Each structure stands twice: as structure tokens, then as C-alpha cells.
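J.: Fold the following, please.
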Amino acid sequence: MKKPPAIRTLYGHVMHELGQRIVSGRVKPGDVLPREETLAENLGVSRTALREALKVLSAKGLIASRTGVGARVQEERHWNQLDSDVLAWRCASMPTDDFVEKLVEMRELIEPAAAASAARHRNAAQLAEIDAAYRAMDAAQTLDAWTEADVRFHDAVLHATGNELLHSLFSVVETALGAFFSLSARSAGDFKYSLPYHHQVLEAIRRKQPEVARKVMLSMIADSRDNMRRSRPRTRRKASA
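T.: All right, here's what the predicted structure looks like:
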């Protein structure tokens, strides 16, 4: 699974700390952040580092700064939802039911069509990569190893479409999908429960059967959704309307 970017700078540390507070809901839309001097002192950084962090958060749509008002947290609709940091922060906290459902819907729209396209267009090297990812899933002994191989499998399928736009889209949402695959596997008890589906997708792509690949991928996603729904506690946190 793709991990959040390494924090190499002081302002990066501040940016991640504030970003996590906002995305997790600890700081809510409409809230005004403390004045610069107060916030910098609380975080133990210089005002210069703080300002750099606030600029980045503003570019991601999380805050808006106005003269005389300060930095105010934006509504979610203004956030850059496909930004890798924003996705990582959402996945770092327990994802809401609403967020998980949206990830499932995104997968339903993209991955069955991608599997069908891969079955039509894949070459020998691309098929070999899908096969290698499947074998890594089969050999996985831990949830982390399984999740890494699972992400690799779906990445390889999109790469086999020959459509660089689809492949680029996957790289953007890789963090979120990695978290989804991990949640799905964990909720099943046996994290390898979906291995037969992956094998069927692999074989359909190997045999150049687009409609079979499409249907199996759709069934895999539906089964994952149903499994996660069954495992949710009734008191699970939900997103606000």
C-alpha cells in the first residue's frame, strides 16, 4: 500500500498536523484557526514555517485566509479530494461509511471497464505483471503483504488497458484504495477470501475475454461491499449530510 509522503521539512510537519486535524473533524468547517503567533507557539514552530504550511493547506482547499479574519476552515466541497495528502488524512482516521461507499462507487465505475479493456489490449509483459501480482497475493502471509500485492494487481490491470489516463488516475487514488483493500480484507477474517475472484479476472484477461473480466471484477467489488457492510458496527460513525 502506498504510504503518505515522508515529512522532510518543518513546515511539512505542521501542514500534516493541521491537515489531519481538519480532515478528521477535530477542527470543523467554519472554524477560524488561532492567530499566527498563538498557533505557531502551540505547535512549537516559527511563524515562517507556519505560513508555508498554511499556504499549502490553502492550495489544497482546506482553508481560506482573509485579511482581518485569519484562516478559516473550508467546507468539504472546497477540498481537493483527489490530493494524495487529503486522501491519506481521510484514510488515517477511521473512514466513514459514506466515504467507503463512495470508494466502492468509484471502483464500480472504473475497474470493471478497465478489466474488460485489459482483456482486449494487454500484451505479454502486462499479463506477466498481473500474474506476478496474483502470485504475490497467493503467497502473502500477512495483511500488509496482501494489501501491497492487491494494490499491485489492480494497478497492473489498469496499466494493461494501455490507457495512460486511467493508470494516472489509479496512482492518484492509490492511497485510498490501499486503505479500502486493507479494510475489506480485515473485515473478512480470512484476508485471502477474494483470491478466487482475482484468479478469475487474471484468467479472463489471459484468455482475452472482456465481458467475463468485466463481470468478475464487478462481482468482486460487490462482494467486498457486502462483506464490509456486514462487518460494520451499528454505531459506526457516519458522515454528516
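J.: these two touch, right, L202 and D131?
T.: Yes. Between L202 and D131 there is a contact at 6.2 Å, judged by C-beta atoms under 8 Å. Bear in mind the C-beta positions are built from the backbone N, C-alpha and C, glycine included.
J.: give me every residue that touches the residue at minimal distance from the centre of the chain.
T.: For the chain, A176 is the residue whose C-alpha lies nearest the centre (C-alpha atoms, centre = their mean; 0.8 Å). When contacts are counted by C-beta atoms under 8 Å, 6 or more residues apart in numbering, A176 touches 87, 90-91, 103.
J.: Can you point out the buried residues in stretch 101-121?
T.: 103-104, 106-107, 110-119 (16 or more other C-beta atoms under 10 Å).
J.: Likewise for stretch 45-64?
T.: 45, 49-50, 52-54, 56-57, 60-63.
J.: likewise stretch 23-39?
T.: Using 16+ other C-beta under 10 Å as the burial criterion, the residues of stretch 23-39 that qualify are 23, 27, 29, 33, 39.
J.: residues in contact with it?
T.: Contacts to stretch 23-39, defined as C-beta under 8 Å, 6+ apart, come from residues 18, 20-21, 42, 47, 50-51, 54, 62-63, 69-76, 79, 86, 89-90, 92-93.
J.: now those: which count as buried?
T.: With burial judged by 16+ other C-beta under 10 Å, the buried subset of those is 18, 20-21, 50, 54, 62-63, 70-71, 73-74, 79, 86, 89-90, 92.
J.: which secondary structure elements does the strand or helix carrying E148 contact?
T.: E148 is located in helix 143-159, with elements delineated by DSSP states H and E. The contact analysis (3 or more C-beta pairs under 8 Å, 6 or more residues apart in numbering; DSSP states H and E) places helix 143-159 against helix 97-121, helix 124-139, helix 164-187, helix 195-206.
J.: avg pLDDT for it?
T.: Averaged over helix 143-159, pLDDT sits at 92.
J.: Now do the buried residues in the worst-scoring helix or strand of the chain on mean pLDDT.
T.: Among the helical and strand segments of the chain, the one scoring lowest on mean pLDDT, DSSP states H and E is helix 164-187, with a mean of 74. Judged by neighbour count using 16+ other C-beta under 10 Å, the buried positions of helix 164-187 are 166-167, 169-170, 173-185, 187.
J.: Low-confidence ranges, the protein, go.
T.: When residues are selected by pLDDT under 70, those of the chain lie in 1-8, 93-96, 183, 186-189, 231-241.
J.: how about a cut-off of 80?
T.: Scanning the chain for pLDDT under 80 picks out 1-9, 67-69, 82, 84, 88, 91-100, 169-190, 227-241.
J.: got the angle between the least confident helix or strand of the chain and helix 97-121?
T.: Between helix 164-187 and helix 97-121, the angle comes out at 130 degrees (axes from the mean of the first three to the mean of the last three C-alpha atoms, to 10 degrees).
J.: if we can go back for a sec, out of the buried residues of stretch 23-39, who's nearest A160?
T.: For the buried residues of stretch 23-39, the residue nearest A160 by C-beta to C-beta is V23; the value is 33.1 Å.
J.: Need the CA coordinates for the host helix or strand of that closest one. PDB is fine.
T.: Assessed by DSSP H and E, V23 sits inside helix 10-24. Output of helix 10-24 as PDB, limited to C-alpha atoms (Å, rounded to 0.1, in the frame of the first residue of the first chain):
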ATOM      1  CA  LEU A  10       9.300  21.600   9.500                       C
ATOM      2  CA  TYR A  11       6.500  23.300   7.600                       C
ATOM      3  CA  GLY A  12       5.600  19.800   6.100                       C
ATOM      4  CA  HIS A  13       5.200  18.500   9.700                       C
ATOM      5  CA  VAL A  14       3.000  21.500  10.600                       C
ATOM      6  CA  MET A  15       1.000  21.000   7.300                       C
ATOM      7  CA  HIS A  16       0.400  17.400   8.100                       C
ATOM      8  CA  GLU A  17      -0.600  18.000  11.700                       C
ATOM      9  CA  LEU A  18      -3.100  20.700  10.800                       C
ATOM     10  CA  GLY A  19      -4.400  18.800   7.800                       C
ATOM     11  CA  GLN A  20      -5.100  15.700   9.900                       C
ATOM     12  CA  ARG A  21      -6.900  17.900  12.500                       C
ATOM     13  CA  ILE A  22      -9.200  19.300   9.700                       C
ATOM     14  CA  VAL A  23      -9.900  16.200   7.800                       C
ATOM     15  CA  SER A  24     -10.500  14.100  10.900                       C
END
